[in-house]
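Visitor: I'll drop the sequence and a predicted model, then ask my questions.
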Amino acid sequence: MGKETNSKKYDLEERTLVFTKRVIQLVNAVPQTLANREIAKQLTRSAESVGANYIEANESLGKKDFLYHIRISRKEAKESRYWFQLLECPEALIPERISLIQEALELMRIFGAIVEKTRQKSISYQ
C-alpha cells in the first residue's frame, strides 16, 4: 500500500511538471504584446508555483506545513486559470489554452480533495 501512495505522489509531481512545461510552451508561442508579456510573467509564476508547492508539501515538516503548501498549490492553480483567460492567443492556440484551463481546474479539485481528506483524517484521529 505504501508503494501506491508513493506512486500517486510521483504521478501528481509529474502531472504538475507537465502542466508547467505546457504553460511555458504556450506563453512562448503567443504574440509578444505589452499586455501578453505581463500576463505571461504572472501566468508562468503561478503555474510554476503549483508544482513547486506540491513538492514542498511532500517534504513538509508536519500536517500544518503540508496543508499550507497544498492550499498554495490550489490557489496558484486557480490564479493560473485567471491569467489564461486574459492571455491573447491566436486561433490556433485556443484549444491548448482551453485544455490548460481545464487542467488547472482539475488540479484545483485534486488539491482541494487532498485538503479535505487530510482534514477529515486529523478529525477522525482526535
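Guide: Nice, I can see it. Numbers count the residues shown, from 1 in each chain.

Visitor: what average pLDDT does the biggest helix by length in the chain get?
Guide: Longest helix in the chain by number of residues, with DSSP state H as the criterion: helix 94-124. For helix 94-124, the per-residue pLDDT values average out at 92.

Visitor: any weak-confidence spans in the chain?
Guide: Low-confidence regions of the chain, defined by pLDDT under 70, span residues 1-10, 122-126.

Visitor: tell me which residue lies nearest the centroid of it.
Guide: Centrality entry for the chain: nearest residue to the mean C-alpha point is V50, 3.5 Å, by CA atoms, centre = their mean.

Visitor: what is the helix or strand that that residue is a member of packed up against?
Guide: Here V50 sits within helix 34-58, counting by DSSP states H and E. Helix 34-58 makes packing contacts with helix 2-29, helix 63-86, helix 94-124 when contacts are defined by 3 or more CB pairs under 8 Å, 6 or more residues apart in numbering; DSSP states H and E. (Glycine included, C-beta is placed from N, CA and C.)

Visitor: tell me which residues of that helix are tucked away?
Guide: Of the residues in helix 34-58, 36, 39-40, 43-44, 46-54, 56-57 count as buried by neighbour count, 16 or more other CB atoms under 10 Å.

Visitor: cool, stretch 92-112 as well?
Guide: Residues of stretch 92-112 classed as buried under the neighbour-count rule (16+ other CB under 10 Å) are 93, 96-97, 100-101, 103-104, 107-108, 110-112.

Visitor: looking at those residues, which one is closest to S80?
Guide: Taking CB to CB as the measure, S80 sits nearest to A104 out of those, at 4.7 Å.

Visitor: the residue nearest to E56 when sequence neighbours are not counted: neighbouring residues, count only.
Guide: Closest residue to E56 in three dimensions, ignoring its sequence neighbours and counting by CB to CB, 6 or more residues apart in numbering: H69, at 4.4 Å. Summarising burial for H69: neighbours were counted as other CB atoms under 10 Å, giving 20.
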